[in-house]
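Asker: Show me how the following folds:
(2 chains, ligands or ions: 2)
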Amino acid sequence: MADDPILTPLKPGLFARNRETLLRTLIPICVVVGLILLWQFIISVNGIPQYILPGPLAVANSLYNDWGTLWPALWVTTQITLQALALALIGGVGIAIFLVQSKWIETAFYPITVILQVTPIVAIAPLILIYAPTTQVALLICAFLVAFFPILSNMVQGLKSVDHNLLNLFDLYGASRWQTLLYLKLPSSLPYFMTGLRIGGGLALIAAVVAEFAAGSAGAGSGLAFRLLESQYRLNIPRLFAALILLSVLGVVIFMITSFIAWAFLHRWHESSLKREN
Amino acid sequence: MTTSQAPLMPAPGDSRKRPLVVMRSVSKMFSSGTLALSDMSLTVEGGEFVSLLGPSGCGKSTALRIIAGLGDVSAGTIDWPSSRINSKGLPEGDISFVFQEPTLMPWQTVFGNVHLPLKLRGVSKTAARDEIMETLATVGLQDFADAYPRELSGGMKMRVSIARALVTKPKLLLMDEPFAALDEITRQKLNDDVLRLWHETGITVIFVTHSVFESAYLSNRIVVMKARPGRVHADFPLKTSMSRDAHYRTSEEYRQACEKVSNMLLEAIGGEEH
Ligand SMILES: Nc1ncnc2c1ncn2[C@@H]1O[C@H](COP(=O)(O)OP(=O)(O)O)[C@@H](O)[C@H]1O
Ligand SMILES: [Mg+2]
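Answerer: Ligands and ions are numbered 1, 2, ... in the order given. Sure, this is the predicted structure:
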């Protein structure tokens, strides 16, 4: 076993790196598991009733038993969030490109987007509910409005922070407006776009939930937020926790997907994806 | 092509004697009110290696940018007697620019960066491949075609920038303090590379620098500029019988050239209160 591959000079480094990755995954998992155990322990020792604070077992039970109700709600919320995010991406990038075409266009239209941004969405949700044909559409509009702004403002900043000399170079080689946009402005604002995507993804979910709270309507097409409220009215606290956990999981998954997209597009060239060696 | 037509065609040597670009009484006033250039005239022949030397802020970059068509003149004209002119009055595809910073697109590989000028003309990657690889070879980067700029050293990035400028086979190469940010050894190496490329291609170079030594080493003509407002203070050829290499750097001839250039520069700065 003297030439066991693990003993060759190259392997220890590889092994050490793998061990670090392993630890990076294991430690957070251990912490979460530990907290859940602690939670169950406190509930059992103090005999806290379920309608005040259910234990993790009760929540898991509810997650399993109420899956038939929770799953469609999760699906509805996921759909609204993703559709809103998609619309916000198209709208945000499109309008950002439009805004940076000239100083005057920006002067004229940017304030409107800022007003939309600073107005609390809960405050206009009732209005949107009146004008939108269905509650679903209203929720979609709310989530869109919230996710849209960070994407827009990041894109505007990205499109405007193009290296000045690269712009000169494109001029020198007689590049058309379209070529400059396609080959220079869009790629160089990609890091800004990815920041907008990550923020917008998180906000779309939050807005979808908040808007549903404001809408407060029942029906076949209701999302997780409604199920959460409903559980509260019925004092079904384990189910409330189950809905809450599903929302967190959805948020984490959206975060992971958007982070992965950012990494996939940027890691080969952008500094933000560079791992510092020291 | 018959032999009787031959005398009508300019011999390769002749193109070096024809003016490539003529600046006539060019002035440039920025909207801030700064008069960056005042009544500056300069004629550059094909094949020359001209250094534009002067104190910082004397308008070297402004002059270079105006020649490249990046920014209008406030008065005066720029003519291109030996080039075909496009609608903007610029010789299409005849000029290349190398900035002080490498100015590469970080999201593109070395190959992609050098491809850029051809891509903007509609030449595809596959069609341009041979030309790009050939140009990369002239700056010694053929093995780094697939590297991203962040993986390269400062000197290598500058070589990519030079390759990008050369890939269109321009007549005129404008360089704005291209090596000012590099360490001395890298800088000398790149100076030798530029000289070699100049010899091999017969390209015309206008080289902005604030280094007396660099200008004396590289150029066969030096234009010293004076500041506030920017204008030509002295314009003289720099002839040497020696080939410019490591040996020349330590020669008496080079020392004298440096001294001459240095005196001219001091003269140009003289009269200013600092
Ligand atoms: N875009 C600009 N707007 C206003 N003033 C400028 C601009 N660019 C350069 N200047 C001014 O013009 C003068 C010459 O600048 P520049 O050509 O960059 O000098 P150099 O390259 O010789 O250091 C300086 O006084 C500088 O401040
Ligand atoms: Mg300058």
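
Asker: Which parts of stretch A:235-249 count as buried, going by neighbours?
Answerer: Going by neighbour count (16 or more other CB atoms under 10 Å in any protein chain shown), the buried part of stretch A:235-249 is A:236-243, A:245-247. Every residue, glycine included, has its C-beta placed from N, CA and C.

Asker: Equivalent analysis for stretch B:136-154, please.
Answerer: Going by neighbour count (16+ other CB under 10 Å), the buried part of stretch B:136-154 is B:136, B:138-139, B:141, B:144-145, B:148-149, B:152.

Asker: same question, stretch B:34-47
Answerer: B:36-38, B:40, B:42, B:44-47.

Asker: List the ones among those residues that fall in strands.
Answerer: B:36-38, B:40, B:42, B:44-45 (DSSP state E).

Asker: Where is pLDDT lowest across these?
Answerer: Lowest pLDDT of these: residue B:36, 84.

Asker: measure it to residue A:142 for me?
Answerer: In this view, residue B:36 and residue A:142 are 53 Å apart by CB to CB, to the nearest Å.

Asker: try residue B:61
Answerer: Distance from residue B:61 to residue A:142, by CB to CB: 51 Å.

Asker: Same check on residue A:101?
Answerer: Distance of residue A:101 to residue A:142, computed by CB to CB: 29 Å.

Asker: can you check residue B:59 too?
Answerer: For residue B:59, the distance to residue A:142 equals 56 Å [CB to CB].

Asker: Please identify which of these two sits among more neighbours.
Answerer: residue A:142 (28 against 25; other CB atoms under 10 Å in any protein chain shown).

Asker: For that one, which non-adjacent residue is closest in space?
Answerer: The shortest distance from residue A:142 to any non-neighbouring residue, by CB to CB, 6 or more residues apart in numbering or on different chains, is to residue A:211 (3.5 Å).

Asker: Off-centre distance for the top helix by length along chain A?
Answerer: Ranked by number of residues, the top helix in chain A under DSSP state H is helix A:10-46. Centroid separation for helix A:10-46 versus its chain: 24 Å, with CA atoms, centre = their mean, to the nearest Å.

Asker: Can you list the buried residues in the helix or strand just after it?
Answerer: Sequence-wise, the next helix or strand downstream of helix A:10-46 (DSSP states H and E) is helix A:56-65. Buried positions in helix A:56-65, judged by neighbour count with 16+ other CB under 10 Å: A:56, A:58-60, A:62-63.

Asker: what's helix A:56-65 packed up against?
Answerer: Judged by 3 or more CB pairs under 8 Å, 6 or more residues apart in numbering or on different chains; DSSP states H and E, the packing partners of helix A:56-65 are helix A:10-46, helix A:237-266.

Asker: In CSV: these, plus distance to residue A:177 and mean pLDDT.
Answerer: Listed next are those as CSV, based on distance: least, CB to CB, whole Å; pLDDT from 0 to 100:
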stretch, distance to residue A:177, mean pLDDT
helix A:10-46, 46, 82
helix A:237-266, 24, 92
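
Asker: of all the ones you listed, which lies closest to chain B?
Answerer: helix A:237-266 (8.5 Å; CB to the nearest CB).

Asker: tilt between the closest one and helix A:56-65?
Answerer: With axes from the mean of the first three to the mean of the last three CA atoms, to 10 degrees applied, the angle from helix A:237-266 to helix A:56-65 works out at 80 degrees.

Asker: For helix A:237-266, which helices and strands make contact with it?
Answerer: Contacting helix A:237-266 under the criterion 3+ CB pairs under 8 Å, 6+ apart are the following elements: helix A:56-65, helix A:67-99, helix A:190-215, helix A:224-233.

Asker: Please state the offset of it from the chain centre?
Answerer: Offset of helix A:237-266 from its chain centre (CA atoms, centre = their mean): 7 Å.

Asker: With stretch A:194-213 instead?
Answerer: For stretch A:194-213, the distance to the chain centre is 6 Å (CA atoms, centre = their mean).

Asker: No more questions from me, cheers.
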